[in-house]
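Engineer: show me how the following folds:
(3 chains)
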Amino acid sequence: MRRGDSPVTEPLREWFARPTEQVARDLIGCTLAVDAGTSSAVIARIVETEAYLGTSDPASHAFRGPTPRSRLMFGPAGHLYVYFTYGMHHCANVVTEMDGVAGAVLLRAAAVEGGEAAVMARRGDGATGAGLLRGPGNLCRGLGITRADNGIDLLEPASRVHLDRRESTPPIAIGTRVGLRHATDRLLRFSWLGDPAVSRPVPRDRGETN
DNA sequence: GTTGCGATTGGCT
DNA sequence: GCCAATCGCAACC
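Structural biologist: Below is the predicted model of the structure:
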């Protein structure tokens, strides 16, 4: 146990430090708590994720080894990895795997369970309901996640964003990752089967349930 | 120092 | 389905 770790958070740290695909699947149904205790508090249930592996995954930022941007993916699990892309969108990831091994799970979509008005205000467009946190860019925008949140510890109670485990196992659909040039055939996308907040439903012939 | 492009999105054909 | 918007990275010279 590293200095500063509490006996309570350390078992959770080990849960995040498992293989990336397993964490990606198990994050479906978990809830994000943002700005808890403030007037803009939001609770969001994760409904879609993608696994990005380490140096063996050509689609991963970690593929060519650690860089100034990707070094967080090689660090301890349970931290938030946020990057900026297309000159306008942020994407939020949860770091996985043992310290020294790269891996992260992209949060692609979530369902708002509390604080909908705060999310609508942050969106600032006409988005409502299941569309509020649909898609990785929209998820960050609706939750106010930017590079200012890069590296925060999701297990630390004081963090602006933290994550709670789900109670039961939802029906899961498995499919290929979205928007990639390489490794487009790997089944590393996980979603809550049939949830209206999922960004792009998994084609029926590729889907599986558990 | 320069350059090509991306784990996206919304709008239009 | 196609495409522009817009800029930080990382690769390359």
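Engineer: low-confidence ranges in chain A?
Structural biologist: Along chain A, segments meeting pLDDT under 70 span A:1-9, A:204-210.
Engineer: element containing the residue nearest the centre of chain A?
Structural biologist: Here the mean C-alpha position of chain A is nearest to the C-alpha of residue A:107 (C-alpha atoms, centre = their mean), at a distance of 2.7 Å. Taking DSSP states H and E as the definition, residue A:107 sits inside strand A:104-114.
Engineer: could you give me the buried positions within that strand?
Structural biologist: For strand A:104-114, the buried set under the neighbour-count rule, 16 or more other C-beta atoms under 10 Å, comprises A:104-112. Placement of C-beta: from N, CA and C, glycine included.
Engineer: is any residue of stretch A:132-148 near DNA strand B?
Structural biologist: Yes: counting by C-beta under 7 Å from any atom of the strand, DNA strand B is contacted by stretch A:132-148 at A:135-139.
Engineer: just stretch A:111-129 next, same as before
Structural biologist: Yes: shown here: stretch A:111-129 in contact with DNA strand B (C-beta under 7 Å from any atom of the strand) through A:125, A:127.
Engineer: endpoints of that stretch, how far apart?
Structural biologist: 8 Å (C-alpha to C-alpha, to the nearest Å).
Engineer: can you list the residues of chain A near DNA strand C?
Structural biologist: Of all the residues in chain A, those lying near DNA strand C are A:61, A:64, A:67-70, A:83-84, A:86-88, A:147, going by C-beta under 7 Å from any atom of the strand.
Engineer: widest-spaced pair of those residues?
Structural biologist: With distance counted by C-beta to C-beta, no two of these lie farther apart than A:64 and A:88, which are 24.5 Å apart.
Engineer: I'd say residue A:154 and residue A:96 touch.
Structural biologist: No: under the criterion of C-beta atoms under 8 Å, residue A:154 is not in contact with residue A:96, lying 11.4 Å apart.
Engineer: give me the common contacts of these two.
Structural biologist: Both residue A:154 and residue A:96 are in contact with residue A:16, where contact means C-beta atoms under 8 Å, 6 or more residues apart in numbering.
Engineer: more crowded one of these two?
Structural biologist: A count of neighbours by other C-beta atoms under 10 Å puts residue A:96 above the other of residue A:154 and residue A:96, at 30 against 21.
Engineer: got the contact list for the more buried one?
Structural biologist: With contacts defined as C-beta under 8 Å, 6+ apart, residue A:96 is in contact with A:16-20, A:23-24, A:51, A:77, A:103-105.
Engineer: with residue A:62 instead?
Structural biologist: With the criterion set at C-beta under 8 Å, 6+ apart, residue A:62 makes contact with A:52-55, A:70, A:73-74, A:102-104.
Engineer: now the phi/psi pair for residue A:31, please.
Structural biologist: phi -110, psi 140 (degrees, to the nearest 10).
Engineer: out of the contacts of residue A:96, who's the most crowded?
Structural biologist: Comparing the contacts of residue A:96 on neighbour count, residue A:104 comes out first with 32 neighbours (neighbours: other C-beta under 10 Å).
Engineer: ok, now which ones touch it?
Structural biologist: By C-beta under 8 Å, 6+ apart, the neighbours of residue A:104 are A:20, A:52, A:60-62, A:72-73, A:81, A:93-96.
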